[in-house]
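# Predicted coordinates and the sequence they were generated for:
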Amino acid sequence: MRIGPHEAIVAAVIPAFNEEAAIGSVVREALAEGVDEILVVDGGSGDETVSRARAAGARVIVEPRRGYGQACATGASSARVDADILVFLDGDGSDVVSFMHAIVGPVLADEADFVMGSRLRGDREAGAMTYPQIVAGWISGALIRARYGARFTDMSPFRALRRDTLEALAMRETTFGWNLEMQMRVAALGLRILEIPVGCRRRRGGVSKVSGNAAAILPAIWSIACAFVRLARTLPRSKPRP
């Protein structure tokens with residue numbers, strides 16, 4: 001992938017579960033942005049997610065172990081060996097893929113170690129985010145700032161970092177706490193963090209595993225809250241930044 005004068009091998013990891021309505025267009029849009037490899041990690045979909053992802057040009061990995069974080073970890077470890085940068089995004093079409101260069105560019109140019117898109121700071125399509133999602137972004141941001149001094153407004157799935165940086169984080173979460181854990185670990189290590197406004201659309205099909213499913217909201221929030229408490233106890237505060 002080339003952005004301006006900078007070039008590196010970039011692999012995109014897309015966790016997916018019953019995303020047949022959106023996954024093909026997400027893969028095609030990412031390839032059009034210049035991503036070198038797309039890994040769709042399917043959690044056992046009962047629809048045409050796998051075939052449509054492959055038809056669009058993705059390498060599909062079927063992951064029998066459930067969990068959003070597990071899918072992300074599997075995709076990251078399965079990326080081509082020469083991939084320097086990993087970018088994560090969802091497969092439901094809610095992430096605006098045209099922001100890919102804005103997410104990857106600062107990492108590629110060595111201007112940031114971790115870049116994440118903020119849907120709360122960007123333009124959101126009406127109904128694109130639920131109230132629990134918005135509140136979760138605010139609360140998690142406030143907690144991370146209080147504990148580590150880093151500023152976040154969201155837990156957006158659209159994020160990028162170098163492969164060796166991810167390996168250094170020693171991620172452990174296998175659930176929806178994966179995104180929060182990553183943000184806490186980069187903050188605890190005092191890495192260069194950049195949050196940029198990105199667009200957000202309503203999902204293009206299917207039902208959200210969390211925000212669109214009332215029965216799943218509380219377990220997901222509980223998982224995230226437990227991840228924060230557990231990590232906050234073990235991760236030291238970052239050193240004061242110069």
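Received it, and whenever you're ready, just let me know what you need. Residues are numbered from 1 along each chain as shown.
# alpha carbons only for contacts and neighbour counts from here, please
OK.
# Help me confirm that residue 54 is found in a helix?
Yes - secondary structure of residue 54 (DSSP: H, G, I helix; E, B strand; the rest coil): part of a helix.
# Might one say that it is in contact with residue 61?
No - with contacts counted by CA atoms under 8 Å, residue 54 stays clear of residue 61, the gap being 10.1 Å.
# Just the pLDDT for the closest residue to residue 67 other than its chain neighbours.
Nearest residue to residue 67, sequence neighbours excluded (CA to CA, 6 or more residues apart in numbering): residue 175, at 4.7 Å. On pLDDT, residue 175 comes in at 86.
# Burial check on residue 175, number of neighbours?
18 (other CA atoms under 10 Å).
# Checking it next. Helix, strand or coil?
Per three-state DSSP, residue 175 ends up coil.
# Any figure for the gap between it and residue 128?
Applying CA to CA, to the nearest Å, the value for residue 175 to residue 128 is 22 Å.
# Quick check, central residue of the protein?
In the chain, the C-alpha nearest the mean C-alpha coordinate belongs to residue 157, at 2.7 Å (CA atoms, centre = their mean).
# dump the residue contacts of the nearest residue to that residue once chain neighbours are set aside.
Excluding its sequence neighbours, the residue lying closest to residue 157 (CA to CA, 6+ apart) is residue 89, at 5.2 Å. By CA atoms under 8 Å, 6 or more residues apart in numbering, the contact set of residue 89 is 12-15, 95, 157-159.
# Take those residues and keep only those in strands.
Among those, DSSP state E puts 12-15, 159 in strands.
# Pick out the most distant pair among those.
By the measure CA to CA, 15 and 159 form the most distant pair in the ones in strands among the contacts of residue 89, at 13.2 Å.
# Neighbour count: the two, which is higher?
residue 15 (30 against 23).
# what bridges to that one?
Residue 15 has these beta-bridge partners by DSSP bridges: residue 41.
# tell me the contacts of the closest residue to residue 66 other than its chain neighbours?
In this structure, residue 66 finds its nearest non-sequential neighbour in residue 43, 6.2 Å apart by CA to CA, 6+ apart. Contacts for residue 43 (CA under 8 Å, 6+ apart) come out as 15-17, 62-67, 71.
# Give me the buried subset of those.
15-17, 62-63, 67, 71 (16 or more other CA atoms under 10 Å).
# Distance to residue 108 added to the residues you listed, as a markdown table?
Below are the buried ones among the contacts of residue 43 laid out as a markdown table (distance: CA to CA, whole Å):
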| residue | distance to residue 108 |
| --- | --- |
| 15 | 23 |
| 16 | 26 |
| 17 | 30 |
| 62 | 29 |
| 63 | 29 |
| 67 | 29 |
| 71 | 24 |
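# Residue 26 against residue 97, yeah?
Yes - contact criterion CA under 8 Å: residue 26 and residue 97 qualify, at 7.2 Å.
# re earlier: ramachandran angles for the residue nearest to residue 66?
Dihedral angles of residue 43 (phi, psi; degrees, to the nearest 10) stand at phi -90, psi 30.
# From residue 65, how far out is it?
Residue 43 is 7 Å from residue 65, by CA to CA.
# now residue 79
18 Å.
# ok, now residue 10?
Taking CA to CA, one finds residue 10 at 25 Å from residue 65.
# what does residue 20 give?
20 Å.
# low-scoring pLDDT stretches of this structure, where are they?
Applying pLDDT under 70 to the chain flags the ranges 205-217, 220, 238-242.
# Could I get the full set of helices for it?
23-32, 49-56, 68-78, 100-108, 131-148, 163-169, 178-188, 214-234 (DSSP state H).
# so which of the ones you listed comes closest to residue 119?
Closest to residue 119 of these is helix 131-148 (CA to CA; 9.0 Å).
# ok, and for the closest one, which residues are buried?
133, 136-138, 140-145, 147-148.
# Please apply the same query to stretch 36-56.
Residues of stretch 36-56 classed as buried by neighbour count (16+ other CA under 10 Å): 36-44, 49-50, 52-54, 56.
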